[in-house]
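Peer 1: A structural model of the following input is requested.
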Amino acid sequence: LGIFCQPQQHNALWHCLVFADYYHEKLEVKIAEILEEKTQVEEKKQIITEDYEKLKIKVAELLEEKEEQYLKEKQIIIDDNQNLILEKDKVIAKLTSQVEEQSQNEKQIITDLKEKELYIAKLVKERQERVLKQPIKETSSIGLQFNYLIPSMGKLFIFTRL
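Peer 2: Below you'll find the model as predicted:
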């Protein structure tokens, strides 16, 4: 301003005021433009901030849904595995029961066989005692005496063949 406002000029003050007024208006326009730009930038910043917050919420929701889906799938797998384990346990219990039953049957068969063996031994002994007590018969060379013990269907049959 000092360049244009020299004391030698009569209208210098007036020119200085006009010049100052001109630049004042330009500065006000520029300030208004800057304030308008600032307002627009703040509005854009607000929109971006809101969008960012919405995106954060959306990402959090998606992560939560993904985690829930993962947990559901994991629970399904766990349930399936537990069901398989239960089925295997049932099969094992059934097979164990069958093995125990078969073992009991085998023990019973062994016991029955021992009892029959003792009974057969007793009958053989009795038969031998009876044979020894009987008088000896004369036999021809053609006729021989055979004694047979034949177990059949849980009963003991003694046949004598002459």
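Peer 1: C-alpha from now on. contacts and neighbour counts both.
Peer 2: Will do.
Peer 1: centroid residue for the chain?
Peer 2: residue 78 (2.9 Å; CA atoms, centre = their mean).
Peer 1: roughly how far apart are that residue and residue 85?
Peer 2: 10 Å (CA to CA, to the nearest Å).
Peer 1: Next: residue 99.
Peer 2: Taken as CA to CA, the span from residue 99 to residue 85 is 21 Å.
Peer 1: Repeat that for residue 130.
Peer 2: From residue 130 across to residue 85, the span is 66 Å (CA to CA).
Peer 1: again, but for residue 128
Peer 2: 63 Å.
Peer 1: What of residue 131?
Peer 2: Applying CA to CA, the value for residue 131 to residue 85 is 67 Å.
Peer 1: what do you get for residue 35?
Peer 2: Between residue 35 and residue 85 the computed distance is 73 Å (CA to CA).
Peer 1: Tell me if I am right that residue 63 is in a strand.
Peer 2: No - per DSSP: H, G, I helix; E, B strand; the rest coil, residue 63 lies outside any strand segment and is helix.
Peer 1: Number of residues surrounding it?
Peer 2: Residue 63: 12 surrounding residues under other CA atoms under 10 Å.
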